[in-house]
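>>> Got a sequence here, can you build the structure:
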Amino acid sequence: MPPHDPTPPIQLAIANPVVDKPKTFDKVSYAFVDMIRFLATIGIVYIHSYVPMKGMETNEFLHHVNHAEYYLYVKQLFKFSTICYFLIAGFLLADKSIESSPFAYYLRRLKVIAIPYVLALAIFIAGLALQKYFTSGQHITLAYIIEIFKYVMLYSPFWYIPNYLLCLLVIVCFSKYSSSVYFGGILFLLTLWNTWYNVYAGNTHTHTTALTGFIFYMWLGMYFKKKNLIAGMQSAGPLVTGGVLLFCYILSCFESRYMFYHTHITETLNTLRVTNQLYSVAFFALIVSCCQKPPNFGILNPRKETYGIYLYHSLFTFIIVGVLEQWLTNSFGISFFSYNVYNILLLNFASFVISYIATTVLVKLLMRYNLAWLPQM
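Got it, this is the predicted structure:
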């Protein structure tokens, strides 16, 4: 999602007396956007980080783990990422002049986003196919590639960009209603329906079944900007927003624990859980209230590197770390498989550190040598 740094208009007339103007957002006020990008990217990589499960589904595996709720509580910390991505996408979109030529704007965004996405998708599918070929002798056929493609689009992080493009298409088509609470209300009802269907109705869940569940949050990000609600979050301060966030986090943990132990719902950490939606918005508000000056990221550059890390982290979390774990097990007899929750959390963290550092280095190299068509936004 491209950032936008508006330049305040030059005032040419001085003769009129100075009057108070509504607060506007200059470059400093966008500091929270880069911080949310940075933290949400960390969250996405952590959520997808590898843990050996011997082929079991996550829910089945966790039901063998002692005190599995501890695992859920830690994962919940990072479940703000997806919704926060949509919120900042909408916030930045509010600056764009899309009402006069919405489809031209959409096609420009599609061109910038699609080319690196398709390349990364092809590399990931090839990586999965080669992994199966070398580890289990799976023959690579067209039918098998199609099966991998289905899996990737349904269950991997590559679902996000098609979802984002759908949300963006809806928003640009109805851009003249972007300030309307009635339009937002319709999108909110759509999100509630997706929440019921994908979380609580017991349906088989894939990422694509929630394609229309996040349009509301892109609209909400625009609404925050257009109605200057960011100023309200900043004035509330970290104490208030942090208290709200803590309350929402506790609610989310209680809900996921209840769903895990007392229901047949398998997606106990589903992003669209009601409590997690509240938690995600509260996290957004906390970062807005805390981050009013540009943070120093050192050698990291969330503004330029976020999209690349999203595209390429799956190579490490889904493939390379798993291959490394299997190699260590086969070569040195070291078993990383465990039902102990503390061992699992340690392995999850180690996998995250390896994946995040390796992906960041890869993205920096790709951008340094202008490879992979990654947009330098």
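
>>> tell me the centre residue of this structure?
By CA atoms, centre = their mean, the chain has its centre lying nearest to Thr82, at 3.1 Å.

>>> Now do that one against Asn276, distance only.
Using CB to CB, to the nearest Å, one obtains 9 Å as the distance from Thr82 to Asn276. Where C-beta positions appear, they are placed from N, C-alpha and C, glycine not excepted.

>>> Please apply the same query to His264.
19 Å.

>>> Neighbour count: those two, which is higher?
Neighbours per residue (other CB atoms under 10 Å) separate His264 from Asn276, with Asn276 holding more: 25 against 7.

>>> Next up, the contacts around that one.
Contact analysis of Asn276 by CB atoms under 8 Å, 6 or more residues apart in numbering lists Gln76, Lys79, Phe80, Ile83, Ser252, Glu255, Leu269, Asn270.

>>> Highest neighbour count among those?
Counting neighbours by other CB under 10 Å, Phe80 leads these with 29 neighbours.

>>> just the helices in the stretch 101-250 of the chain please.
102-136, 142-155, 160-173, 181-195, 215-226, 229-262 (DSSP state H, counting those that start in this stretch).

>>> ok, back up a step: where does the residue nearest to the residue nearest to the centre of the chain when sequence neighbours are not counted land in three-state SS?
On the basis of CB to CB, 6 or more residues apart in numbering, the spatially nearest residue to Thr82 that is not a chain neighbour turns out to be Thr271, at 5.0 Å. Secondary structure for Thr271, judged by DSSP: H, G, I helix; E, B strand; the rest coil, is coil.

>>> measure Thr271 to Gly298 for me?
30 Å.

>>> got a pLDDT number for Pro22?
With respect to pLDDT, Pro22 has a value of 43.

>>> of Thr271 and Gly298, who's got more company?
Set side by side, Thr271 and Gly298 show unequal neighbour counts under other CB under 10 Å, the larger going to Thr271 at 21 against 6.

>>> got a list of what the closest residue to Asn66 other than its chain neighbours touches?
Counting by CB to CB, 6+ apart, Val341 is the residue found nearest to Asn66 once chain neighbours are left out, at 5.8 Å. By CB under 8 Å, 6+ apart, Val341 lies in contact with Val65, Asn66, His67, Ala68, Tyr70, Tyr71.

>>> and the helix or strand the last one falls within, what other elements does it pack with?
Element membership of Tyr71 [criterion: DSSP states H and E] is helix 68-76. Using 3 or more CB pairs under 8 Å, 6 or more residues apart in numbering; DSSP states H and E as the contact criterion, the secondary-structure elements in contact with helix 68-76 are helix 58-62, helix 229-262, helix 341-368.

>>> Okay, now the unreliable bits of the stretch 151-300 of the chain?
Filtered on pLDDT under 70, the stretch 151-300 of the chain yields the residue ranges 204-209.

>>> what about 80?
Counting by pLDDT under 80, the ranges of the stretch 151-300 of the chain that qualify are 202-211.

>>> ok, Tyr217 - contacts?
Counting by CB under 8 Å, 6+ apart, Tyr217 touches Ile83, Phe86, Leu87, Gly90, Thr191.

>>> Mind putting those into CSV with distance to Val170 and secondary structure?
Converted to CSV, the contacts of Tyr217 look like this (distance: CB to CB, whole Å; DSSP: H, G, I helix; E, B strand; the rest coil):
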residue, distance to Val170, secondary structure
Ile83, 16, helix
Phe86, 12, helix
Leu87, 16, helix
Gly90, 11, helix
Thr191, 12, helix
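
>>> Just the buried ones from those residues, in PyMOL syntax?
Only the buried entries of those go into this PyMOL selection, using 16 or more other CB atoms under 10 Å:
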select buried, resi 83+86+87+90+191
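
>>> Pick the one among the contacts of Tyr217 closest to Ala282.
In terms of CB to CB, no member of these lies closer to Ala282 than Ile83, at 10.5 Å.

>>> Could you find the closest non-adjacent residue to Tyr279?
In this structure, Tyr279 finds its nearest non-sequential neighbour in Cys248, 4.1 Å apart by CB to CB, 6+ apart.

>>> surely that neighbour meets Gln277?
No - using CB atoms under 8 Å as the test, Cys248 is too far from Gln277 to be in contact (9.1 Å).

>>> So between those two, which is more surrounded?
Gln277 (23 against 20).

>>> quick one: which of the helices and strands packed on helix 68-76 is nearest Tyr50?
Smallest distance to Tyr50 across the helices and strands packed on helix 68-76 (CB to CB): 4.5 Å, for helix 341-368.

>>> How many neighbouring residues does Lys340 have?
In this structure residue 340 is Asn, not Lys. By the measure other CB under 10 Å, the count of residues near Asn340 is 12.

>>> Gly55 too?
Counted with other CB under 10 Å, residues neighbouring Gly55 total 7.

>>> In three-state terms, how would it be classified?
coil.

>>> That one and Ser136, how far apart?
Summarising the geometry, the distance separating Gly55 from Ser136, computed by CB to CB, is 11 Å.

>>> Quick check on Asn340: phi, psi?
Backbone torsions for Asn340, taken as degrees, to the nearest 10, come to phi -80, psi 120.

>>> should've said Gly298
Torsion angles at Gly298 (phi, psi; degrees, to the nearest 10) stand at phi 70, psi -130.

>>> related to what we said a few turns ago, buried set for the helix holding Tyr71?
Taking 16+ other CB under 10 Å as the criterion, helix 68-76 shows Ala68, Glu69, Tyr71, Leu72, Tyr73, Val74, Lys75, Gln76 as buried.

>>> distance of the closest residue to the third one other than its chain neighbours from Ala126?
It stands for Tyr71. Excluding the flanking residues, the one nearest Tyr71 by CB to CB, 6+ apart is Val341, at 5.6 Å. With distances defined as CB to CB, the gap from Val341 to Ala126 amounts to 35 Å.
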